[in-house]
Each structure stands twice: as structure tokens, then as C-alpha cells.
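> give me the fold of what follows.
(chains A and B)
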2 protein chains.
Amino acid sequence: MAIANADLTIRELHAAVGRSAVLTDHQTLAARSNDRSAAASQGRAIALVRPRDTAGVSAVLRIAATHRCPVVPQGRLSGLAGGANAVEGAILLDMTGMNAILRVDPVEMVAVVQPGVITADLAARAAREGLFYAPDPASATECTIGGNVATNAGGMRCVKYGVTRDSVRSLEIVLAGGEVVRTRPPTVKAVGGLDLTGLMVGSEGTLAVITEITVDLLPAPGPTLGVSASFSSVDDALDTANAIVAGPHRPSALEFCDAGVIAALRAKVPESGLPADAMAWLLVLTDSAAGAGEDVRWYTQTARAHRAVRVDSATDAGAVERLMVARRALNVAMRAVRGGSLNEDVAIPRSRLGELLRRLDALSARRGVPIATAGHVGDGNLHPVILFDPHDPGQVAAAQQAHIDVLAMAQELGGTATGEHGIGLEKLGAVDAELGPRLRSIQRGIKAVLDPQGLLNPGKKL
Amino acid sequence: MAIANADLTIRELHAAVGRSAVLTDHQTLAARSNDRSAAASQGRAIALVRPRDTAGVSAVLRIAATHRCPVVPQGRLSGLAGGANAVEGAILLDMTGMNAILRVDPVEMVAVVQPGVITADLAARAAREGLFYAPDPASATECTIGGNVATNAGGMRCVKYGVTRDSVRSLEIVLAGGEVVRTRPPTVKAVGGLDLTGLMVGSEGTLAVITEITVDLLPAPGPTLGVSASFSSVDDALDTANAIVAGPHRPSALEFCDAGVIAALRAKVPESGLPADAMAWLLVLTDSAAGAGEDVRWYTQTARAHRAVRVDSATDAGAVERLMVARRALNVAMRAVRGGSLNEDVAIPRSRLGELLRRLDALSARRGVPIATAGHVGDGNLHPVILFDPHDPGQVAAAQQAHIDVLAMAQELGGTATGEHGIGLEKLGAVDAELGPRLRSIQRGIKAVLDPQGLLNPGKKL
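Predicted coordinates:
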């Protein structure tokens, strides 16, 4: 893009949304060019714009269309796949200023929010009204609802409540060119049109810009209780997890850690109480409004029936919090092992998890980098973490190679390279193999219908 | 289409799928030209084809593309909107022969089925394995899973388990032209691509032909218990329903009938025991594996707190069955009143249901035809039934006018003309108003990506 054109674009942005909402200084643009992934940004943005309302977003997309200027929607840059990274000549559309909770409706059981609302803020607001926003991605205290919708974010509670898509009822979106539409009426059921709402969820900013989100709320659950169970074999832990998923006491979280993760947690959080010789750990939580005590008893029995070497039940808030401290320390503990880590996000059929873990051990030995694995075992969604010394070029290269191997491995096992983080830039290479050329061309065709100039988050996902 | 071309098409179909799988006799084509709606078929089909496998479907779509011949996928024709009706010159693609339950997997908690499987057969098979297929449309004993997916079918259990879309994990589809693809890996979570699975669900055969369906199964629920509550005002019943939805005891069904429906049920099913002076009736069911007794006590208390005039609890199978007999008699009872009935399918925000019911009363008075209403009040999805004497041209015309009024009324109240039946042919007129021109053009653009020749169920839905 010629500089003259960029200058003209910026002048028009000033006129449309106000000078103070348009930032062009190098420091701001640099600070907003990358999310938390290792993916590099794809060039330099010309400006960051902070719209205050839907009309502002519409004006930006109109100007972008006129000047054929790419637009990258952004939240709080907590993404893990490069989806919000800058691209050359783009407007960074910073949605964090549109952060109002517009309505919490206890009759319709919905909340209507702007995309910049922090996920935990919505959850807290719902809780104050005796209601519950179910999705709880790990970054809930810092990520935005808009980003959750754009990536179809997951988290620990999916095993009971589903992914973000399952809680999104209706969206207001701004189409490329600036037109504002609503994807569907805000009713519980509606079959008048194709499912454009679902199509937007997980589209990573490539189809439209989301400006308002209507989400389902649920009645408040009960307090969280839980069970911590250690096993001397991975298979015993996986068998326990499968029995719990198939059983009548639905958990609100079902988390797995292998021996490598347990060792890292023991080093970082000695008070976690994890046994030194455990080969696998399960954390099973329940938030049933009634019968949570029975749930805990049943999880305990099930773990014991599958040869758990130690089972601790956590039946008060303090005990649950102690377990959560260990679980939450995971990423920090993992990075502490060697200084560098690559966090994978594979999802495979649950019956093949044992095979995946055995193959990961073999891969680790072959590539000469440790791989330790934790994750949402109830969903078959695990996060193998490849550990390496970032100052050792040989290890960096081996880790990169192992990363590619892990994605292919998940696909060979009938799964996906990404269960909840998204494609962004980081996993573009894996997507062709996973979807095949025909689905790829259909997706690109759908993108062309919605964004014929190809301006919305170009080069990402599709 | 010229007759010569039709003859050639039929000869190629014979060669591709076998002569016995291609029927061209007038009687067969006439019998398979209309579903249960009042919508007229859109011309005469040239043949009905019964493919035995995916390869057969692929061959049919390849031949159809060559000869630019429309294809109408059909199940058991229990649809209520004309979606499966014949169109001029079409191949009727009768999927009922592809009715194998390929796999019920207790570890993955999925079933893999062909589209012609009858919904109740899948439910029964899952139950034999201690599992549960949640969607339960009213026509479950005669409709097919393929039709359920094509229409995103609803039913009484949606209030707890969601619509059909919420149970569909992955699809094998045959694209226009004959290529076979899978919409996504069969994992619980997958964010590698756009949500093509969700896009297919509810697309009424306009985007592709579904040849295999992977659905989620759940652990078996408990036995169904319930509460029957009568009220002297509609508002008391609606307040009770809203309190139950917002409360901690999630019902597996929450059904409403107004005074007109109660009168028809009392006439048709005297043993229903519904009070003569009741203005509204709620049927509340629970299938909790634990705590169902507590659910029933809570529903009873809640109904009493909202001035129910009579509350009966049904805590054994016989008592529940007696309630269900009344609920199931609804359509027959309604039609018996005047001989003719038009069944609507509106869905609106729950908080506006009282207003809808008052407006329906006023509409009934204005048009001079009775309107009685029942439905899934927990989802805000009601079925107003317009009653008329089919031998009285004045009443037929008034009912038709009232039908159009009801659709517009739902949209004015922020809702949709169809919550679970679909658009088909019958509600095409309402769709433009509901979605607006831009969403309509996007939908047609998506259709053109998947079906550039416009051969798949043309003239329906979009």
C-alpha cells in the first residue's frame, strides 16, 4: 500500500471515529502486533482504531473497503495461535473499548454484551443476579467474550457445558463494507435461516466483525466440589475418565496430567501433595446444585475401582482451591523446566488417548525433547507441551519438528490439530491435511461471499 | 426439461444404481410428492431413486449435474413445511433405504447412523446399550434422523437437551456434483475449520445430501416423572414456567396448553381430568437420574406459589403415561373441533408470550376463526392452531389470512415464524421479512458456493 493512500485512510478514520480513537505511533502498533503465540506478525499495521460503538466499526469497515485496507479485529491478545497478529498495511481494530454489559435478563436467561467485555466480568455479573455464564476458558480473567466467540474458546467446563458456540444465541455483526446485520432472532429456537451464528463462531475474524453478542445464561450451579486421584498407570486414569464420562454423575471438569506434568507441578507447587511415583493424575470437579456429595462419592469409588493409588476428596471451598492452585500452576511449572515450551492443542477420539500418549513418549525420545501432557481428558482435548531450552538452537529446531509431528499425529488418530485454540497463523500448515482441498475451497468460497475484497483478517485460518 | 433428456437421465440412473432402485411409475411419484404440510408440490418428478449407499448417492448427484436435473432429498415425508415436496423435473432421492445404525460406541458416546434410520429406532438402540439419544421430535416413531438433521428438528425435550443441532457432531455429505466429504473430525471439540456441520443442520437439503451422521449420546437418564398443573389465568401459568426455567431443577419437558386446547382435549380425552374452568395447563416432566423426586416437589411448590388451581404429581410410569396420552392427543383433538387446522410454529422471547397469547385472541376475534395454542413454553416455541371448517370457503380464506398474520406477529414480537418446523415452501413468504435482504443474499451466496448449478432442493428455504 502506498504511503499516500495510508495517510488518506488515516485522515478519513480521524473524521469518522475521532482523532483520539486512532493511534499510529510505533510503540502502540508494536505492542498490539502479536498475541501470545510464537507466530510472527505479518507486517506493520498503519493504525490502531478503538471504536466506541457499532456505528464506529461500520465506519471503519466502510473506509477500509474504499481503500482496500486489511482489518484485523483484536481483543486483549490472549490468543494462542496468532489469529489477532498484525498484517501489513492493516487497521488494527481494537474492540476492547466496546466493553459494556448491555443487559442481563433473568426471564430470557440471556446476557447481551459488547465484544470487549472480559469473560470473567460477565461471569461475575451473571453470578450477582443468581445466574451462570458457563464458558470458562483458562484466560477468563483477561480474555474478551469477542475473542472467545471468534475462536470458539474452550476450557475446563466444556465437559459439562460445551464450548463457547453452545452458549452463543445471536450476534450483531458488521459485514465487510460496513453493513450491520443480526445473525438470527434472539429466541431459544429459530430455523428460519441457515446457521450464520454458528458460522461466525470460530471464524477468527475472517468473515465479519462481531459488535454485540447474546449469550445463554443458566441457573446458578452449586458450589464446586472435587476429587483428586493419582494412578500408577496412564491407562488406569484414562479408564477412570471414560467411566466418569459414561456415568450418571456428570462432572463440571475432568482434567488429566501425565508423569511429566506431575513432576513439574511437584517442583513448582510442593504443597500440591501429588505422589512422587504417580504416572497420572485426574482432577474431577462437580457443581451440581443438588447431589454434589453423591457425585464426589461416585467419582471416588470409580477411581478406586480403576486402581487409583490415592484419592482425596475436596468437599469445601478451601480444599477445592488447593487443587485448583496446582492445576493453574501448570503453564508456569512447565515453562520452568527448560525455559521454553510449545503448547499443543490436539483433540482426538477418547478411545485413542492411550495410544496418543504412548506415541508422544516415542516422539519425545526420537526428537530428544521432553513432552509432557495435560488437558481436558473428558473431551479428548489434550495439551502436549514440548519443552526445550530456548538458548539451544538444536533444541529449538527439535521442538519445532516435534510440533509438526504432534499435529500430524492427532490427525492420524482421527482427530484435529486444534480443539480450542484455533488456527490463526500457527497451524495453517496443518489445516490442509485435516480438511482436505474441497472443504478448504468451500470455506474460502464462503469467505468470498461475506468478504469479497478479502480484507477481514487476511491470511488467517482459511 | 425435455422428455428425451429425462429418458437419458433415467437410463443413466438405471446403470448407476440398478434398475430396481429407480421408480418412475405415476403412483409412486404421486405418493412421494408431498409431505404433511398444506404446501403444494412444485411440479412432477421424473423418477424416485432409492440409493443403497453413499456411492449410489454420489452417482445420482453426478448424473443430476450432467443433465442439470434438480434433486429433492426425502425421508419419510413427515415434514410440516413442504421441504421435501417434489419440484418439476426432479429426481426424488429417497434416503429411507439407507437405514443402518452403523455403530453405537459407549466410549466415544456417539452413534454413527445412516440418514434413513427412524429416530425412535436410534433412541431404542441407544437405550439398550444404557445410553440416550436426546432429541425427541413429536414424530419420532416415523421420522428419520436425516430429516431431523435437515430441519434441525425440535420437540418436547429441547428445553433440557437443546435442538437436533446440539446433538450432531459430524456429517458425511455428498456435494452437488457427487464429491463425498466429511464436515469435521468426530472429536468432541474441533476448531480447525468453519462450522460446516452446523451450516448443514437445518439447511433442508439445499446445500448437500447427508449420507452419514455422527450424533452425541448421553448416559441414560432416570425414569420420567412429572407434574400436571392447571391455572385460572394464562399469566399464572407463564410465570410458573419462567420460574421453573430459571430454577435449579431443570425439566426435561415444559409444555403449555391454553383454554382452547384444554377444551378440545376434554372433548377428545375425557379421562384427561383437566378442569373445565382451567385457562391454562402446564405439563412439567423430569428425567433426572438422581433427585427426580425433589424436582417434582419443587415444580409442585412453584406451581402452587403461582396460584395453580390444581396440581397432580405423576411419580410412576402409569401416571406419566396418562398425562402423555392427553398431550399426544393434541393434534387429533384440535382437528376434530372444526375439521381443518393450520399448525403454526412461532418462537418468541419468553417474556412476551403473554402478549402473544393476548394478540392471538384478538386476531381470532378479528378473523372469525378460533385459534388455540399449545407448545414448548420453556423454549418460547408455541404452536398456535388455527381452526376452520374446510368446506366453508369463507373460513378457509380467513384461516389463510390469520396464518399470515401469526407469522408477522411473531416477527413483530422479536421472534421467528418457525422455531422447529422449517421454511420449506410454506413459510418462504415470511422469511424475507424475518432475515432481511442482506442475510438472504448471504444465504443464497453460500448456497451458490456449495451448489453452483442450483440443483439441490431448488425453491426451498432460501
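
> pLDDT score for A:N5?
Here, the pLDDT recorded for A:N5 equals 86.

> what about the closest residue to it other than its chain neighbours, neighbour count?
The shortest distance from A:N5 to any non-neighbouring residue, by C-beta to C-beta, 6 or more residues apart in numbering or on different chains, is to A:H67 (5.8 Å). Every C-beta, even on glycine, is put in place using the N, C-alpha and C of the backbone. Residues within reach of A:H67, counting by other C-beta atoms under 10 Å in any protein chain shown, total 18.

> for A:H67, give me its contacts.
Contacts for A:H67 were tallied using C-beta atoms under 8 Å, 6 or more residues apart in numbering or on different chains; they are A:M1, A:N5, A:L8, A:T9, A:E12.

> may I see those residues organised as CSV, with secondary structure and neighbour count added?
CSV is the format used below for the contacts of A:H67 (DSSP: H, G, I helix; E, B strand; the rest coil; neighbours: other C-beta atoms under 10 Å in any protein chain shown):
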residue, secondary structure, neighbour count
A:M1, coil, 15
A:N5, helix, 14
A:L8, helix, 14
A:T9, helix, 23
A:E12, helix, 19
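
> now those residues as JSON lines including distance to B:D258?
Putting the contacts of A:H67 into JSON lines (distance: C-beta to C-beta, whole Å) gives the following:
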{"residue": "A:M1", "distance to B:D258": "62"}
{"residue": "A:N5", "distance to B:D258": "63"}
{"residue": "A:L8", "distance to B:D258": "62"}
{"residue": "A:T9", "distance to B:D258": "58"}
{"residue": "A:E12", "distance to B:D258": "56"}
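
> and stretch A:32-44, what's buried?
A:R32, A:S33, A:N34, A:D35, A:S37, A:A38, A:A39, A:S41, A:Q42 (16 or more other C-beta atoms under 10 Å in any protein chain shown).

> between those, which is nearest chain B?
For the buried residues of stretch A:32-44, the minimum distance to chain B (C-beta to the nearest C-beta) is 14.3 Å, reached by A:S37.

> and the gap between the closest one and B:I442?
31 Å (C-beta to C-beta, to the nearest Å).

> repeat that for A:N99.
Relative to B:I442, and taking C-beta to C-beta, A:N99 is found at 28 Å.

> if you count surrounding residues, which of the two has more?
Using other C-beta under 10 Å, the more surrounded residue of A:N99 and B:I442 is B:I442, with 23 against 17.

> quick check, the more buried one in a helix?
Yes: counting by DSSP: H, G, I helix; E, B strand; the rest coil, one finds B:I442 located in a helix.

> what's the pLDDT at it?
On the pLDDT scale, B:I442 gets 98.

> please apply the same query to the one 3 residues further on.
Here, the pLDDT recorded for B:G445 equals 98.

> now swap in the one 4 residues further on and tell me
Residue-level confidence at B:V449 comes out at 98, pLDDT.

> quick one: it from B:L199, how far?
Counting by C-beta to C-beta - B:V449 and B:L199 are separated by 10 Å.

> which strand or helix spans A:R327?
helix A:317-328 (DSSP states H and E).

> in the helix or strand harbouring A:A6, what counts as buried?
Counting by DSSP H and E, the element that carries A:A6 is helix A:3-17. Using 16+ other C-beta under 10 Å as the test for burial, helix A:3-17 gives A:A6, A:T9, A:I10, A:E12, A:L13, A:H14, A:A16, A:V17.
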